[in-house]
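>>> need a structure here:
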Amino acid sequence: MPAYKRILLKLSGEVLAGGAEFGIDADRVRGLAQEIAGVAGAGVQMGVVVGGGNIFRGLSGAGRKLDRVTADHMGMLATVINSLALSDALEQIGVATRVMTAIEMRPIAEPYIRRRAIRHLEKGRVAIFAAGTSNPYFSTDTAATLRALEIKADVIVKATRVDGVYDRDPLQFTEAVRFSEVSYLEVLAKGLGVMDSTAIAMCRDNKLPIIVFNLNTTGNIMRVAMGEPVGTVIH
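From the prediction side, this is the model:
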């Protein structure tokens, strides 16, 4: 029995690249689609936000002398590419999806409309929210938080390369200690870097829990959806 009726899954763009530095790995996307399909098949309503870092990063682009607003808009378009790739992989295995974009591009996706998004979820479709918030200076973490609040998700499920939140980067420090749970204030005060501070503050102000878990362990999305103690809970 699922622990949550409706979740917002936040994926980084990098996970779609598989082992590569850039681009989209079709096998990796298919594997993700199968995991998402399993959770949706268990009766969990799923919204998904995918980053665009495997194609283009707005902040990095700004560092290369691009105007920050232009660079962020390019990053938003990268999230649309990733969303279409994930949507196609899901559709190929029989899962109905809708890609909804914050920037209108009607020939390839629906414009994001909150009530329509909720209706898609109620009908069992996986709703994939692309193009961030449509505003520069906001990350896809903030976009995921905003969409989660708008669709009244029970929880944000943030997929990462490590198995939760640590007091320091576990990929650099072997002595890093993992939290089983941690407060929003601790994340902000200690600068734990799980999500950007705007997203954490929004979750805190609206009492929306976040579960951070390792996506590289097959089946973890389902385990989180079923309420198993996976990763770190921020609340």
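
>>> Show the subsequent helix or strand relative to the lengthiest helix in the chain.
Counting by DSSP state H, the longest helix found in the chain is helix 68-92. Later in the chain than helix 68-92, the nearest helix or strand by DSSP states H and E is strand 97-101.

>>> which helices and strands does that next one pack with?
Strand 97-101 sits against helix 68-92, strand 110-111, helix 114-122, strand 126-130, with contacts defined as 3 or more CB pairs under 8 Å, 6 or more residues apart in numbering; DSSP states H and E. Any C-beta I mention is one placed from the backbone N, CA and C, and that applies to glycine too.

>>> Please tabulate those in a markdown table, including the columns distance to residue 31 and mean neighbour count.
Formatted as a markdown table, the helices and strands packed on strand 97-101 follow (distance: least, CB to CB, whole Å; neighbours: other CB atoms under 10 Å):
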| stretch | distance to residue 31 | mean neighbour count |
| --- | --- | --- |
| helix 68-92 | 9 | 20 |
| strand 110-111 | 26 | 16 |
| helix 114-122 | 23 | 15 |
| strand 126-130 | 15 | 28 |
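
>>> closest to residue 217 out of those?
helix 68-92 (19.2 Å; CB to CB).

>>> Does anything pack onto that closest one? Which helices or strands?
Going by 3+ CB pairs under 8 Å, 6+ apart, helix 68-92 lies up against helix 26-41, strand 45-50, helix 58-63, strand 97-101, strand 126-130.

>>> Mean confidence (pLDDT) on the third one, please.
It stands for helix 58-63. Here helix 58-63 scores 62 as its mean pLDDT.

>>> Now tabulate the helices and strands packed on helix 68-92 in JSON lines and tack on distance to residue 208.
Formatted as JSON lines, the helices and strands packed on helix 68-92 follow (distance: least, CB to CB, whole Å):
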{"stretch": "helix 26-41", "distance to residue 208": "19"}
{"stretch": "strand 45-50", "distance to residue 208": "13"}
{"stretch": "helix 58-63", "distance to residue 208": "24"}
{"stretch": "strand 97-101", "distance to residue 208": "20"}
{"stretch": "strand 126-130", "distance to residue 208": "16"}
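
>>> looking at these, which one has the lowest mean pLDDT?
helix 58-63 (a mean of 62).

>>> Next, count neighbours for the nearest residue to residue 6 once chain neighbours are set aside.
Nearest residue to residue 6, sequence neighbours excluded (CB to CB, 6 or more residues apart in numbering): residue 45, at 4.1 Å. Using other CB atoms under 10 Å, residue 45 has 24 neighbouring residues.

>>> What residues does residue 45 make contact with?
5-7, 121-122, 124 (CB atoms under 8 Å, 6 or more residues apart in numbering).

>>> so residue 139 touches residue 196, yeah?
Yes. When contacts are counted by CB atoms under 8 Å, residue 139 is listed as touching residue 196 (4.8 Å).

>>> Between these two, tell me which one has more neighbours.
residue 139 (20 against 15).
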